[in-house]
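Visitor: From the sequence below, what's the structure:
(4 chains, ligands or ions: 2)
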Amino acid sequence: MKFAVLAFPGSNCEMDLYNAIKDIIKEDVELVSYKHDSLAGFDAVLIPGGFSYGDYLRSGAIARFSPIIPALQDFAKSGKPVLGICNGFQILTEAGLLPGSLQKNVSAKFICKTEPLVVNNNHSMFSSEYKAGQLIDLPIAHGDGNYYCDQATLRDLVANDQIVFKYQNNPNGSVDNIAGITNKQGNVLGMMPHPERAVEAVLGSDDGKGVFQSIVNHIKSRGVIYE
Amino acid sequence: MNSVMDQTTEATPEQIRDNKLYQSMGLTDHEYGLIKDDVLHRLPNYTEVGLFSGMWSEHCSYKNSKPVLKKFFTKGKHVVKGPGEGAGIIDIGDNQGVVFKAESHNHPSAVEPFQGATTGVGGILRDIFSMGARPIASMDSLRFAEPKTDADKYFIQQIVAGISAYGNCIGIPTVGGDTAFDDAYAHNPLVNVMSVGLMDLDKIEVGAAAGVGNSIIYVGHKTGRDGINGASFASFQFDSEHESQRSAVQVGDPFEEKLVMEACLDVINNHSDALVGIQDMGAAGLVSSSAEMGSKAGGNGMELNLDLVPQREAGMSAFELMLSESQERMLLCVKAGHEDEVLKVFADHGVNAVVIGHVTEGHNYKLMHHGKLVADVPVDSLASQAPVYHRESEMPEHLKNVDTNQYQPKITNPTETLKEMLSQLTIASKESIYETYDTQVQTNTIVAPGSDAAVVRVRHYDKALAITTDVNGRYLYLNPREGGAMAVAEAARNIVASGAVPLGITDCLNFGNPEKPDQFYELDQAVMGMTEACEKFEAPVISGNVSLNNEYDNIPIYPTPMVGMVGLIKGLDHITTQDFKHADDVVYVVGKTEPGFNGSQIQKMQTGQISGKLFDFDLDYEVKIQKLVTAAIQQKLLNSAHDISEGGLITAIAESTFGNQLGVDLTADLTVADFFSESQSRFIVSVPQEKQAEFEQLVGNDAQKLGKVVDDNHLFVQANDGYFDLDVDKAFGIWKGALPCRLK
Amino acid sequence: MALAKVYVNYKKSILNPEAEAVHKALKRLGYSDVEDVKLGKYFELTVADGKTKAELDAEINEICDKLLANYNMENYHYEIVETEAAQ
Amino acid sequence: MALAKVYVNYKKSILNPEAEAVHKALKRLGYSDVEDVKLGKYFELTVADGKTKAELDAEINEICDKLLANYNMENYHYEIVETEAAQ
Ligand SMILES: Nc1ncnc2c1ncn2[C@@H]1O[C@H](COP(=O)(O)OP(=O)(O)O)[C@@H](O)[C@H]1O
Ligand SMILES: [Mg+2]
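Guide: Ligands and ions are numbered 1, 2, ... in the order given. Predicted coordinates:
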């Protein structure tokens, strides 16, 4: 199967994702520029962290007008997996592919550290490798990671089982300790923590491998690779 | 076109001479005389005076420090490129070079903390990638006064926020640094940043422009009126009378820098045939980058058309265009005929790039503006013929007739003294600072901040780089020479504790006014001490930076030569951290404990000052101890290693318990006071029981067994005349909470 | 030439940590009579001539909806001022 | 109750990367008639009654100088609006 890793001006985790897929998950992977307008031939799309366009207006607000975004929207509509990490999550909310938005951390500061997460839902295509309720350690590194949505949206998220990861010790003020959510269809996941930074024990944790492995299993278990 | 035009709105050459206007730009009468009589043989116009003031500032010319810098030990069989304007390079095998350099941004940060810090980070990164290296890690070395007022706290937070904003955005991990607090830095904080890059050795770039007809290409942000004449500004000193100097503020734009960096690396890696030279626009902006490039090429001149320089504001003068320090700009020299190829690369990356001039016959540096020749000077006169001053040196008063006795700490309750020590800001955890830095982006950080040196792996190879910054200005204040040697030794001790062997150093020489003999003495002596140590550790100086005039109302800071050291770890299994790992491991102190109290944290804590003759330091013994620890690590005898520095042995023991919340049960043939001694050349290590015999055989009398690691969360240390007794989590809480509490 | 002054503010229900930090700082500095602090963004867009008032309104609204404000957490309002030349 | 509306903008000579990013994005989106974009901060301070107009002016100026605007790089201006109750 083949992963696409999108790269926007100002993205800075695209190589980390690329290396994680290539060296650790050992699947095909290609960097795709924001200038392209097609995602044909890919089975899953990863949107990396970083500061697209400097995150100058709001995180992700400018990137969502990139030429690749219509192709991403079609890709998401087709039901194939899309994973946005950190800035990728912010882009997905700005592009309307995920509900809610990401505000400044309550501390008003950037925070980089490893946080324990609870796997809230292990039947998504991004979390099947984990046990329900499993505690995993993933690094966070963000200034705007405080997930916000209104109460009605939160009720929907809960009712549809869209909350995949929760923080154990909410580091940023997110509503309901949310660290990662999917869309209603379940094929678009946005998460603030960085699984690609936790794929080798030598870097402190390999708990993040499960996210990518879950995607691979999902694709491969369908028997057919998407055309 | 032959006569040099002066601009009507600007002072005339005669006015400049008669009213000594050059003085306000930082040139002395003597220097003005040199320009007029020896270089130009005519009166310089306003623009030309500006060019010289920038280029002959300390920042660009090193006119006061050159004779001192010559004393540095810079050789070594792995040095590929030593000190010059850019960063130095050391061969680490496999056709790879490590590139590193440090930069000070003290004065801009004093004026505008957030932007001063951001532009400091941006500047050092440009130094690295203009060599053709990809930056892989940054460090920050900070010195502040003890925060007292809200303004002090805000200032510190803004510095940290600036470093965080720039490094995080551009995606280069800030993996460590050092932070110390002392009122010697009131009004004159130190903000030093260091960056480390990695490159293939067959891709070295030099900042030179050779070959008549080749094009000079301007890259990056437009030029604005921000930071005009910052280079001469940095070479001024502050005092309360000079508030009006405070206008040279530049804004950093890490997003633009990221685009510029990727584009430049693309040109260097994939269009090297087209590229002749590349240089960042740092201090003294366009004039410095272009004149240095022209001068280094040798034998040619250069002509620039300032009308082609991208401008953010209307009506900028030639002076402003040449001396602006707008950020995120680079200058390239490209072979004639290859311009379009290179311009296309920049366009693809969304970066402004435009041809603004050419390499010419002759030796002159000519500037055209609005169709007129506004400057015409020999290119070498700007870049390499600045005057050099051999300053007078005289021992400062405070070093004469000093008390040779060591301070005697007063300790009635050892545990209470330990608790007080752990809450000293210089000793306390810096986590609240470094948790705002992205330490992991690029996914190579194996040891993040919190241990001795940071460790960053070289992906796809079984090797890693260890990086540290260190210096204790108090030691230098009491003895600049020994203190300089100690700074290098402490850096090496951190490198060694992490499992690495020192490769080399960079530095930021933060000193006072070199025109004052007692302050020049500190600089000169410190460099001699550093160089002695560098030679012993076979760690040459490959780059560095000088920041002079760090004084306020005529009181200088402590002499503070920041040492940034990089070491190589051959084999990832040699990586060692400071935390105790397992209960029952045996704890040793390696190296002799001597009375080391003058200049120590405990002297400062108990008396509010430092004084007396600095304690002794034996460089040969230091080297011997470090080699022992390296051997023990390479023979896999150690589970942890931590160097002993500020706060002494007991502080190092406490710090080693924190990571895994393991306790200790130790006994030593020392007094409780000795536990706070800062005598050098010591480590605290833990050894698995089965390796105990082998370890003792290796170290002989150079290590003392203290006892064991225990898993009951309890620190107990018995001394001859008392004991320390404290829960680890209690100690940890004090140590971790002190800084955030004082900055609230 | 027209100048559109656009104000973007957080919705009432949304906590703004930066405004809060400013408020706390003011209290510490002794300005205890400042009872509330809001912090938003202020844009000035200079727009070329050639559009009717209605067209201009439509354009500014579109720009705000698309880019300048995030409807999920922000409100905006604007005024349009006619100016003679570039400010 | 008084409401102080404070506008803080970068000085002319200072680079504002945020405004630049917005301007470029608008161009890419086809709003080519937007000729300039400025982006600053907009504060609303709610101040308790009990001060004269002159005292209020002095206070707001002081707050701006001390905290809201950075005199190295920013300018500010403000208006004071009397309000009946809290907004
Ligand atoms: N300003 C800073 N930025 C990043 N890391 C820092 C900073 N100050 C201290 N640290 C980190 O905190 C740890 C302890 O620092 P320090 O006390 O200086 O160590 P040492 O005395 O062993 O050199 C180190 O890992 C160091 O990198
Ligand atoms: Mg250390």
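
Visitor: quick one, phi/psi of the residue in chain C positioned nearest to chain B?
Guide: Per Cβ to the nearest Cβ, the residue of chain C with the smallest distance to chain B is residue C:28, at 5.9 Å. All C-beta spots, glycine's among them, are computed from the backbone N, C-alpha and C. Residue C:28 has phi and psi values of phi -60, psi -30 when expressed as degrees, to the nearest 10.

Visitor: again with residue B:304
Guide: The phi/psi pair for residue B:304 (degrees, to the nearest 10) reads phi -120, psi 140.

Visitor: partner residues bridging it?
Guide: For residue B:304, the beta-bridge partners under DSSP bridges are residue B:357, residue B:367.

Visitor: Quick check: residue B:511 vs chain C, distance?
Guide: Look at residue B:511 and chain C: by Cβ to the nearest Cβ, to the nearest Å, they are 35 Å apart.

Visitor: what about that residue, neighbour count?
Guide: Residue B:511: 30 surrounding residues under other Cβ atoms under 10 Å in any protein chain shown.

Visitor: follow-up on the earlier one: tell me how far the residue of chain C closest to chain B lies from ligand 1.
Guide: From residue C:28 over to ligand 1 the distance is 25 Å, taken as Cβ to the nearest ligand atom, to the nearest Å.

Visitor: lowest confidence element among the helices and strands of chain C?
Guide: helix C:17-28 (a mean of 89; mean pLDDT, DSSP states H and E).

Visitor: if I look at residue A:27, how far off is residue A:44?
Guide: Going from residue A:27 to residue A:44 by Cβ to Cβ, to the nearest Å gives 9 Å.

Visitor: number of nearby residues for the residue of chain A found nearest chain D?
Guide: Nearest to chain D, among the residues of chain A, is residue A:56, at 4.1 Å (Cβ to the nearest Cβ). If you count neighbours by other Cβ under 10 Å, residue A:56 ends up with 23.

Visitor: go on, the one 5 residues further on?
Guide: Using other Cβ under 10 Å, residue A:61 is surrounded by 26 other residues.

Visitor: Please tell me how far the closest residue to it other than its chain neighbours sits from chain B.
Guide: In space, and not counting its chain neighbours, residue A:61 is closest to residue A:94: 5.2 Å by Cβ to Cβ, 6 or more residues apart in numbering or on different chains. Applying Cβ to the nearest Cβ, the value for residue A:94 to chain B is 17 Å.

Visitor: contacting residues for residue B:482?
Guide: Applying Cβ atoms under 8 Å, 6 or more residues apart in numbering or on different chains to residue B:482 gives the contacts B:475, B:529, B:614, B:616-617.

Visitor: for the residue sitting furthest away from the middle of chain C, helix, strand, or coil?
Guide: No residue in chain C sits farther from the centre than residue C:30, which is 28.0 Å out by Cα atoms, centre = their mean. Look at residue C:30: counting by DSSP: H, G, I helix; E, B strand; the rest coil, its state is coil.

Visitor: And the residue of chain C closest to chain B, how close does it get to residue C:22?
Guide: 11 Å.

Visitor: Which one of those two is surrounded by more residues?
Guide: residue C:22 (21 against 12).

Visitor: ok, now how distant is the residue of chain A closest to chain D from residue B:401?
Guide: Distance of residue A:56 to residue B:401, given as Cβ to Cβ: 59 Å.

Visitor: now swap in residue A:28 and tell me
Guide: 75 Å.

Visitor: Between these two, point out the one with more neighbours.
Guide: residue A:28 (14 against 7).

Visitor: what sits in contact with each of residue C:28 and residue C:22?
Guide: Any residue near both residue C:28 and residue C:22 by Cβ under 8 Å, 6+ apart counts here, and not one turns up.

Visitor: I figured residue A:131 was touching residue A:120, is that so?
Guide: No: assessed by Cβ atoms under 8 Å, residue A:131 is found out of contact with residue A:120, at 11.7 Å.

Visitor: Looking at those two, which one has more neighbours?
Guide: Comparing residue A:131 with residue A:120 by other Cβ under 10 Å, the one with more neighbours is residue A:120, at 24 against 11.

Visitor: surely that one meets residue A:165?
Guide: Yes: the pair residue A:120 / residue A:165 is scored as a contact, 6.2 Å apart, by Cβ under 8 Å.

Visitor: Now the residue of the stretch 451-600 of chain B found nearest chain D: closest residue in space, sequence neighbours ignored.
Guide: Closest residue of the stretch 451-600 of chain B to chain D, Cβ to the nearest Cβ: residue B:552 (18.2 Å). Nearest-residue entry for residue B:552: residue B:187, 3.7 Å, with adjacent residues in sequence omitted and distances by Cβ to Cβ, 6+ apart.

Visitor: what sits against the residue of the stretch 1-150 of chain B found nearest chain C?
Guide: The shortest separation between the stretch 1-150 of chain B and chain C is 5.9 Å, found at residue B:150 (distances taken as Cβ to the nearest Cβ). Taking Cβ under 8 Å, 6+ apart, we find residue B:150 in contact with C:25, C:28-29.

Visitor: just the helices in chain C please.
Guide: With helices called from DSSP state H, chain C shows them at C:17-28, C:53-63.

Visitor: what's the nearest residue to the residue in chain A positioned nearest to ligand 2 if we skip its chain neighbours?
Guide: Nearest to ligand 2, among the residues of chain A, is residue A:204, at 20.1 Å (Cβ to the ion). What sits nearest to residue A:204 in space, not counting adjacent residues and going by Cβ to Cβ, 6+ apart, is residue A:114, at 6.3 Å.

Visitor: Surely that neighbour touches residue A:141?
Guide: No: with contacts defined as Cβ under 8 Å, residue A:114 does not count as touching residue A:141, sitting 9.9 Å away.

Visitor: which residues of the chain score low on pLDDT?
Guide: You didn't pick a chain, so chain A it is. The model of chain A has pLDDT under 70 over residues A:223-227.

Visitor: nope, chain C please
Guide: Using pLDDT under 70, the flagged stretches of chain C are C:84-87.

Visitor: what does chain C have sitting close to chain A?
Guide: For chain C, the contact set with chain A under Cβ under 8 Å from any Cβ of the partner chain comprises C:13-18, C:20-21, C:66-68, C:70, C:72-73.

Visitor: mind listing what residue B:369 touches?
Guide: Contacts here follow Cβ under 8 Å, 6+ apart; on that basis residue B:369 touches B:305-307, B:317-318, B:321.

Visitor: Using a markdown table, lay out those residues together with distance to residue B:58 and secondary structure.
Guide: Listed next are the contacts of residue B:369 as a markdown table, based on distance: Cβ to Cβ, whole Å; DSSP: H, G, I helix; E, B strand; the rest coil:
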| residue | distance to residue B:58 | secondary structure |
| --- | --- | --- |
| B:305 | 30 | strand |
| B:306 | 26 | helix |
| B:307 | 32 | helix |
| B:317 | 24 | coil |
| B:318 | 24 | helix |
| B:321 | 23 | helix |
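
Visitor: ok, which residues in chain A are in contact with chain C?
Guide: Selection of chain A residues close to chain C by Cβ under 8 Å from any Cβ yields A:57-58, A:61-62, A:65, A:93-94, A:100-101, A:103-108, A:148-150, A:173.
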